[in-house]
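> please find the sequence and the predicted model below.
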Amino acid sequence: MYKAIVRRRLQRVFEQLNRREFDAMPALFAAKAEHVFAGDHALAGTRHSAEAIRRWYRRLPLALPDLRFDVRHIVVSGWPWHTEAAVEWRDSGTALDGRPFSNQGVHFVTLRWGRVSSLRIYCDTQVLADLLQRNARQGAVEAGAAPITD
């Protein structure tokens, strides 16, 4: 039952992202958390502070204004004091130059008592870096900015 609740909660988080409710995301994190995105691009890097995580979620819709997720699989293991989950997804949208984009990836999430203590995001970073560069050339300043880290 617990794992089904966590799966549903994670599905709802991606539904919130699709509804552009980015301001709600930082509240999901524990006071001591790690937010990691692999690669060398504007969304990459490691963040630990609530402020850096908040800034990252503010940047996301500015860099990728038409981002949408389609959750494929959610796997959950553990108990409330230490839960691990993997969310496999495909994303899609239209870049600022009018061309469609698509990528696929995984969020690895560690929860402690219902709060995210670790989020690690992996996707095809070359596809993402190219997309961000295209959006930066179209005027999305945040898409070409240095990673937010702390």
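Great, that's in hand. Numbering: from 1, shown residues only.
> skip the chain neighbours and tell me the closest residue to the residue nearest the centre of the chain.
With the centre of the chain defined as its mean C-alpha position, the nearest residue by Cα atoms, centre = their mean is residue 121, 6.3 Å away. Excluding its sequence neighbours, the residue lying closest to residue 121 (Cβ to Cβ, 6 or more residues apart in numbering) is residue 37, at 4.5 Å. Heads up, the C-betas are built off the backbone N, CA and C, glycines and all.
> beta partners for that neighbour?
In this entry, residue 37 is beta-bridged to residue 45, residue 121, by DSSP bridges.
> tell me if I'm right that it and residue 53 touch.
No: when contacts are counted by Cβ atoms under 8 Å, residue 37 is not listed as touching residue 53 (11.1 Å).
> need the pLDDT of the residue nearest to residue 121.
Model confidence at residue 37, expressed as pLDDT, equals 98.
> what about it, how many neighbours?
Residues within reach of residue 37, counting by other Cβ atoms under 10 Å, total 24.
> now the one 3 residues further on
Using other Cβ under 10 Å, residue 40 is surrounded by 11 other residues.
> three-state assignment of residue 17?
Following DSSP: H, G, I helix; E, B strand; the rest coil, we place residue 17 in the helix state.
> how about it, nearest residue that isn't a chain neighbour?
For residue 17, ignoring the flanking residues on the chain, the nearest one in space by Cβ to Cβ, 6+ apart is residue 69 at 5.8 Å.
> packing partners for the helix or strand harbouring residue 107?
Following DSSP states H and E, one finds residue 107 within strand 100-112. Packing partners of strand 100-112 (3 or more Cβ pairs under 8 Å, 6 or more residues apart in numbering; DSSP states H and E): strand 82-94, strand 115-123, helix 125-137.
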